[in-house]
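> Got a sequence here, can you build the structure:
(one chain, ligands or ions: 1)
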Amino acid sequence: MQGGTGADGLAKGNRRTGEVYRATERWSTVAKAADAQKVTARKPKLGQNFLVDDGAMQSIVDALGDISEATVVEIGPGRAAITSLLARRAARLIAIEVDRVLAAQLRMKFATQPNVDVLEADILQVDLGTVLGATPGPLRDLRPTGRHKAQVVGNLPYYITSEILLKLFAASERIEQIVVMVQKEVADRVAAAPGSRDYGLLSATAQMYGSVTKLFELGPGAFDPPPDVRSAVFRMVMHPRFTELAVDEKGFLGFLKVLFAQKRKTVSNNLKAAYDKAVAAEALKEAEVAATARAETLPLEAMARLYRALRPQEK
Ligand code: SAM
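Residues are numbered from 1 along each chain as shown. This is a model prediction of the structure:
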């Protein structure tokens, strides 16, 4: 009953206090059970290399800039290394963790922070339209308001890095920026410029969705347990380029796969797999791309010209 008697108010107060007490009790029970059964031990299959470098945690959160009015989505919060800092700064935080025990611990840890929502879910199965958008869904009122796009952050589980990035790219209209830790080689490829050794399909695909800056690298010692690889954090400010380059998203992404199908081959040779030889030669001429060029030397503008020349009906 709203605005009831003193007795009612007391009962509500007790219920609230009781709720916090029970939450704390559940938290310690889960923690004890976890200790006893060692269920919080790393699950290697889930890419659980937890960040233990305080400076790196701080730098990742700082890289997001002012998030006091932002909705932040954290992928794989784990033991809350970054989450605790985010919870203090973000207007809203949605933390998505697939590990049931970790998700339960996180829910308990942030039970008294109304700006934090923990989703126990596989990020690859999550409907980002619901989480990031205005579509009605199960989330309370944590989704971004019309004024702000979401910020995405995470020390990603490396075994599904590409799948996560592709999923985020597909939702780029609803995301302002991404700040993520990945394996160093992945960061190098995502951020690579045309003509450089690391430039390839992932670079071209990512750069169709936004501009990428590699921020810093970390050695294995920054994690518990240490992974076998070096890591790096990059920031990607989303601004999809499909309209500007006059190409359709699905068709152009498929075209990039054709261009990069065999890295050592020339563009002209790779095109042979999908186009008539004479048509490809004519399109190369029209797009002013040398037949001897390799895809890894071409800027996105040249690839888009070539795509448009091969699809005259879509010009
Ligand atoms: N953010 C924590 C940190 O920096 O210490 C943990 C990072 S750890 C590299 C990756 C986290 O992603 C783990 O907590 C793991 O359980 C979680 N994870 C793995 N696969 C996932 C998935 N498919 N969906 C959501 N979370 C996942």
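> Point me to the residue of the stretch 201-315 of the chain nearest the ligand.
Minimum separation of the stretch 201-315 of the chain from the ligand (Cβ to the nearest ligand atom) falls at Phe223, amounting to 7.3 Å. Placement of C-beta: from N, CA and C, glycine included.
> May I have the beta-bridge partners of that residue?
Beta-bridge partners of Phe223, counted by DSSP bridges, are Leu51.
> how about the residues of the protein near the ligand?
By Cβ under 6 Å from any ligand atom, the residues of the chain that approach the ligand are 46-51, 76-79, 81-82, 96-99, 102, 122-124, 155, 157, 160.
> shaky segments in the stretch 1-150 of the chain?
Where the stretch 1-150 of the chain drops to pLDDT under 70, the residues are 1-44, 133-148.
> which residues in it form strands?
50-51, 71-75, 92-97, 116-120, 150-155 (DSSP state E, counting those that start in this stretch).
> Show me what stretch 50-60 is in contact with.
Residues outside stretch 50-60 that contact it (Cβ atoms under 8 Å, 6 or more residues apart in numbering): 42, 78-79, 81-82, 85, 153, 155, 179, 181, 215-216, 218, 221-224, 233.
> Buried only: go through these for me.
In those, burial by neighbour count holds for 78-79, 81-82, 85, 153, 155, 179, 181, 215, 218, 222-223, 233, counting by 16 or more other Cβ atoms under 10 Å.
> So, low pLDDT: which residues of the stretch 201-315 of the chain?
In the stretch 201-315 of the chain, residues with pLDDT under 70: 312-315.
> which residue ranges form the helices in it?
Listed in chain order, the helices found in the stretch 201-315 of the chain under DSSP state H, counting those that start in this stretch are 201-207, 249-259, 267-271, 277-286, 300-310.
> Now intersect the residues of the chain next to the ligand with the helices, please.
In helices, defined here by DSSP state H, the members of the residues of the chain next to the ligand are Leu102.
> Outline the domain layout of the chain.
What automatic domain parsing lists as the domains of the chain is 1-42, 50-238, 249-313.
> Buried deepest among those, which one?
Stretch with highest mean neighbour count among the domains of the chain: domain 50-238 (a mean of 18; mean count of other Cβ atoms under 10 Å).
> how far does that one sit from the chain's center?
5 Å (Cα atoms, centre = their mean, to the nearest Å).
> Over to it now: how far is its first residue from its last?
By Cα to Cα, to the nearest Å, the extent of domain 50-238 from end to end equals 27 Å.
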